[in-house]
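A.B. asks: sequence below, structure please.
(chains A and B)
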Amino acid sequence: MTSTQYSLFVEAGSGARLGEYDEMVSGDGRIRQPWRALIGSLQAVPEGVLSERVERIYRQYQDTALAYSVDNDRQSTEVRRPFDIIPLVLSEDEWRALETGLAQRARLLDRLIDDLYGERRVIVNGLLPPALIYGNPRFLRPCAGIPAPRRGARLHAYSADLLRRADGSWAVVTDRTQAPAGIGFALQNRGILARTLPELFRSQAVRRIEPFFELWREGLAALSPRRDGAPRIVVLTPGPFNAAYFEHVYLARQLDATLVEGADLTVRDGKAYVKTLGSLHQVDVILRFLEDDYCDPLELRGNSVLGAAGLLQAVREGNVVIANALGASVVETPALREFLPALAEALLGETLLLPSVESSWLGSRQAMADLPDRLNDAIIRPAYATAREERSFHALNQEAGRNALLEEVRARPRSYVVEPRLIRSVMPIWTPGGMLPRPLTLRIFVAERDGSYFAMPGGLAQVPHVPTSGITLLEPVFASKDSWILAGDGSDATMASRPAHGVVPVSHAPEELRSRSADDLFWLGRYTERLDNAARMMRSALARTVFDQIGPGQQQELHILIRILSEVGLVDPQTAEWLPDATALRRAIVQASSQDKKLKSVFRAIQRIAQSLRDRLSNDMWQVVVVLMRGAQERLDGETRDADGLIAALDHLVGVIAAFGGMASENMTRGTGWRFVDIGRRIERGAYGVAVLRNILLARGAELEIGLGLALELFDSSITYRSRYLSAVQLDPVIELVLADESNPRGLVYQLLMLVDHLGALVAALDRDSKPAEQALVDIAAQTLGQVSALTQIGDHGEMSLRRVVDRLDFTRDRLHHLSDAITHAYFSQVQMPHAVGYEGI
Amino acid sequence: MRYAVQHRSSFDYQDTIDLSYHVLHLTPRSLPWQRVIETRIRTTPGTPPIIDSVDYFGNGRSFLSLAEPHARFVVDMTARVEVTAREPVRAAATPPWESVRDALDRPELPADIEAAEFVAASPLIPGGAEFAAYAAPTFTPGRPILEAALDLTRRIHREFTFDTEATEVTTPLSEILVKRRGVCQDFAHTEVAALRAMGLAARYVSGYIRTYAAHGKARRVGADASHAWASVYCPGSGWIDLDPTNNMVVGQEHITLAWGRDYGDVSPVRGVILGSGDHRLAVSVDVEPLDD
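C.D. replies: The predicted structure follows:
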């Protein structure tokens, strides 16, 4: 492909080789008309500026990718989709033909799906070989007999991958009827380009893509089986471990729909509901990005935990519409392509407008007989594989070799398709050294409203990111691009698309809180606070080991600290035996922070929860919880020897958590979501306070006195104490300050006050008739508060019984534990795992 | 012959379950040789409404869900059916098995097109060369299809050991072929797999066999539980049911519930519960002849 190269900004001839079409440059070496204005605008951008902008885009992409990788230890779900700034440009005339052709194809496939799950006349009448359908694992028999939606189609959102052949005509490589994968990325690409290089849009009118989404939303709403009221539309995602989760979040925003996972849905009385904190809300339309056989473990794939049991029955009873209809993926098979012209004649009475790439299903004897002759310039593809399965098929074949492949095909010819090696057109990608030609695949998206189809003006243009030959079927890494449809006169074009969202979308307006999210928010609060407490204690311990000789007072403090640290599992209880050897002790604590599984597991839990809360956290919050937190963890991991460095890393971590706390209280709407975060934090902080105080108060004599100073430090209350009491550290005032002072935000009473307040507010906010369990929570918190508040009076009476205080602390610890469990039961108990039950064999 | 059928499935859960869903294939099919006099499904607790529909294969399917705390769930099916003798088919007069294979490969007649569905692999019967190898000695050139199928039935009965401990519902069929042990379901799956491996159409049938033997005869195997057998398509004669567990052509001692590609299509009780998955299932079946 490097024989000729595009050079930057000059008409330098085609980048295409013989037999390839060049999107940008015509056969006589001139830039094609639709591209001229774009090239002119690119030329006008100073070269340094362009490089800088491209750098910025890559950085944004990387941040997004980082933000979406779940964690380092597990298999990464990182999204790596490099973006290229040069859009594909198509004239309006060319676009009109594509849109018409794809709309017809969508109608045809919809009719075919309809027939296959109904009368199956295409098989009875001999239009399709029975084995092509009956051997297809995507033919989901439990979905048969379900009527099409009252308004709209079974194939609601269709997309196709196209390539352009040497003669300039387009052909469909892949039909996608499962879900419109990639549409969120197309939306994002337009946003990025419009924001980063707005000047490109100024010289000509590019059709906007937002109107498509508005129409699509109307189409989704029209699917609703309910006639009254505004329909509730949800987007069903496999969840944050799916590589495309990001686009589900993005698209749900754009469609103004709630993003749900299967665990958020429940079926009752044949209706589908989304589980929220207060109650169940009926769902009318589900736009699914979950493969159809995963949607219902009861009747479809039994081991699926991603769907909702009974969903198919709810569809069957006509109470919810799923788009695309369950079972629609049966027509994705490339085996179908050669039959489409005849099917178009039979089902639509029309000639198929847009051809497929020429291919043959090997289930036919003729195709098998011809196979040996074709094999040199052809590719064998599995007929019924998902994209994922197909990738592993091709990888396996490279290893096993051609003979093994042929043997397999002869054993199961009906499972394979042969198609010619595809030659694609080329289009430029931008590199710092100039433009380079790359083979193009264009994905176009089509949606339906009231039974008629319309395309998103544009699409997802994909080219191989690394230089590879243009003729292999599957490329390892793709760069995606924006696609422009030039506007004719008076269409809905605008110069630049309105950049509605950034790279990562902004948070949605508050709405009913899903039970699962409430659970996640609660634990986000607990874990961040747990991390904070651990960091503070370790920092205090390390600060006392900086000098090689540890004084007797510090030794006693370290005894207490190690006791608390070992109680929460951060250090070995034997660590105290190293005293007074500072170096050895330091090493033990350093080890705890760098390798300790406990600390790491807390970090990991926070990352996991953040992923599953992705669509509820604002962009800024996301930065703190995921990006900064990960930075803090890496810094901590990096500091393995030096106490100073480690203390600085812990300072940094405490700062990041403070940023989270600040953001939670400043930036989160004071809704139920925020309350759950704060309930989590208060319970954790309360339990921490109890643990610290208990260990200090169990000491006697000099150690107790020293411990009181430590208590002030760990409760972050030293300054307050000094300014308030102006005296040496004494028992009663310390107890009063860290335990019973209602105005000390680190004190124990304060945590309980906040809990009473939050739990009371939740009861009031609940939209439910009976709420005894929730009310009981308030009572538990209030009762505990009473017990702790009473402790100051003990001091007032002079004779302070430490034993009694410790008893009250034990009581408080138990109540906090109980409260956490009770909150889980009262509010999150709807979050349960499905299990299959049935016969073990008959 | 008239029968009274009782089939009870009792689920005992370790913890209380708040929500459960079940799909049942528990309604006997009405067939030319099987008259369903009455059939009824009851559950304990008895609150959930049962929603009946007809599945892809024409079987009765019932859906029910229970949204109240329960630690035990019982499904009772009772039915009275009358089974009459089917027209006997002379095995030697059936077409050579190769001609059936070829007709199913490129089916043109409506009956062949319909039957072609049961040639393809299915989730629990993925096929494989070992099943063709197993069937090969039986399918000699030009042999009438039913003669070959009867021989296959006989061989499975002889070569396989009935053993309720050897397999689970998840045991792959290829493993059962190696072990040559299993229950009715495994026998039936093996026969279906072998027939399909020869390019023939075969389906899996779920049902019951009479519990009490006729006078002077031994009690049939599989009588105190759900039963299963295979069915082979013979052009001109239709589907012929064969019971490899008892080495017999299905006649008046069998009651048909449902058929499909394999067990997965017609599992009598399939459920999903939300909560802890630990459960015990007890099944009892009683098929009492009313005319003896």
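
A.B. asks: what strand or helix carries A:I444?
C.D. replies: strand A:441-449 (DSSP states H and E).

A.B. asks: gap between that strand and the chain center?
C.D. replies: A distance of 23 Å separates the centroid of the chain from that of strand A:441-449, by C-alpha atoms, centre = their mean, to the nearest Å.

A.B. asks: paired strands for it, with orientation please.
C.D. replies: strand A:157-164 (antiparallel), strand A:452-455 (antiparallel), strand A:460-464 (antiparallel) (DSSP bridges).

A.B. asks: can you spell out which helices and strands pack onto the strand or helix carrying A:S41?
C.D. replies: Taking DSSP H and E as the definition, A:S41 sits inside helix A:33-44. Other helices and strands packing on helix A:33-44, by 3 or more C-beta pairs under 8 Å, 6 or more residues apart in numbering or on different chains; DSSP states H and E, are strand A:83-90. Just so you know, the C-beta spots here come from the backbone N, C-alpha and C atoms, and that holds for glycine as well.

A.B. asks: average pLDDT for the longest strand anywhere in chain B?
C.D. replies: For chain B, the strand reaching the highest residue count under DSSP state E is reported as strand B:2-17. Averaged over strand B:2-17, pLDDT sits at 90.

A.B. asks: go on, stretch A:417-430?
C.D. replies: Here the average pLDDT along stretch A:417-430 is 91.

A.B. asks: can you give me the helices for the stretch 151-292 of chain B?
C.D. replies: For the stretch 151-292 of chain B, the helices defined by DSSP state H, counting those that start in this stretch cover B:173-179, B:184-197, B:263-266.

A.B. asks: what's the most buried one of those helices?
C.D. replies: Among the helices of the stretch 151-292 of chain B, helix B:184-197 has the highest mean neighbour count (mean count of other C-beta atoms under 10 Å in any protein chain shown), at a mean of 28.

A.B. asks: mean pLDDT lowest for which of the strands paired with strand A:441-449?
C.D. replies: strand A:460-464 (a mean of 91).

A.B. asks: now B:I51: how far from A:Q313?
C.D. replies: 7 Å (C-beta to C-beta, to the nearest Å).

A.B. asks: between the two, which contacts overlap?
C.D. replies: Among the neighbours of B:I51, those also in contact with A:Q313 (C-beta atoms under 8 Å, 6 or more residues apart in numbering or on different chains) are A:G270, B:F63.

A.B. asks: so for those two, which sits in the more crowded spot?
C.D. replies: A:Q313 (25 against 15; other C-beta atoms under 10 Å in any protein chain shown).

A.B. asks: quick one: secondary structure of the spatially closest residue to that one that is not a sequence neighbour?
C.D. replies: Nearest residue to A:Q313 in three dimensions, chain neighbours excluded: B:F63, at 4.9 Å (C-beta to C-beta, 6 or more residues apart in numbering or on different chains). Of the three states, B:F63 takes strand under DSSP: H, G, I helix; E, B strand; the rest coil.

A.B. asks: quickly list what B:F63 is bridged to.
C.D. replies: Here B:F63, judged by DSSP bridges, has bridge partners B:V23, B:I51.

A.B. asks: show me the domain layout of the chain.
C.D. replies: Defaulting to chain A. A:54-99+A:149-163+A:172-331+A:433-494, A:515-668, A:670-832 (automatic domain parsing).

A.B. asks: wait, chain B was what I had in mind.
C.D. replies: B:2-84+B:267-289, B:91-266.

A.B. asks: mean confidence for the longest one?
C.D. replies: Predicted confidence along domain B:91-266 averages 92 (mean pLDDT).

A.B. asks: and that domain, how far from the chain's centre?
C.D. replies: Distance, centroid of domain B:91-266 to centroid of chain: 9 Å (C-alpha atoms, centre = their mean).

A.B. asks: straight-line length of that domain, end to end?
C.D. replies: 29 Å (C-alpha to C-alpha, to the nearest Å).

A.B. asks: now stretch A:247-263
C.D. replies: 19 Å.

A.B. asks: could you confirm whether that stretch reaches chain B?
C.D. replies: No: using C-beta under 8 Å from any C-beta of the partner chain, stretch A:247-263 stays clear of chain B, coming no nearer than 9.8 Å.

A.B. asks: how about the helices in the stretch 301-450 of chain A?
C.D. replies: A:311-316, A:340-343, A:365-374, A:387-400, A:402-411.

A.B. asks: out of these, nearest to A:V571?
C.D. replies: Closest to A:V571 of those, according to C-beta to C-beta: helix A:387-400, at 44.4 Å.

A.B. asks: go through that closest one and flag the buried ones.
C.D. replies: Using 16 or more other C-beta atoms under 10 Å in any protein chain shown as the test for burial, helix A:387-400 gives A:E390, A:F393, A:H394.

A.B. asks: quick one: it near chain B?
C.D. replies: No: residues of helix A:387-400 are not located near chain B by C-beta under 8 Å from any C-beta, the shortest gap being 14.7 Å.

A.B. asks: what parts of the stretch 101-250 of chain A come near chain B?
C.D. replies: A:123-124, A:126, A:129-131, A:134-135, A:137, A:141-142, A:144-145.

A.B. asks: just send those residues back as JSON lines, with secondary structure, neighbour count and pLDDT too.
C.D. replies: JSON lines is the format used below for those (DSSP: H, G, I helix; E, B strand; the rest coil; neighbours: other C-beta atoms under 10 Å in any protein chain shown; pLDDT from 0 to 100):
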{"residue": "A:I123", "secondary structure": "helix", "neighbour count": "22", "pLDDT": "95"}
{"residue": "A:V124", "secondary structure": "helix", "neighbour count": "14", "pLDDT": "92"}
{"residue": "A:G126", "secondary structure": "coil", "neighbour count": "14", "pLDDT": "91"}
{"residue": "A:P129", "secondary structure": "coil", "neighbour count": "21", "pLDDT": "93"}
{"residue": "A:P130", "secondary structure": "helix", "neighbour count": "25", "pLDDT": "93"}
{"residue": "A:A131", "secondary structure": "helix", "neighbour count": "24", "pLDDT": "91"}
{"residue": "A:Y134", "secondary structure": "helix", "neighbour count": "21", "pLDDT": "94"}
{"residue": "A:G135", "secondary structure": "coil", "neighbour count": "23", "pLDDT": "91"}
{"residue": "A:P137", "secondary structure": "coil", "neighbour count": "17", "pLDDT": "93"}
{"residue": "A:R141", "secondary structure": "helix", "neighbour count": "19", "pLDDT": "97"}
{"residue": "A:P142", "secondary structure": "helix", "neighbour count": "21", "pLDDT": "97"}
{"residue": "A:A144", "secondary structure": "coil", "neighbour count": "16", "pLDDT": "96"}
{"residue": "A:G145", "secondary structure": "coil", "neighbour count": "13", "pLDDT": "93"}
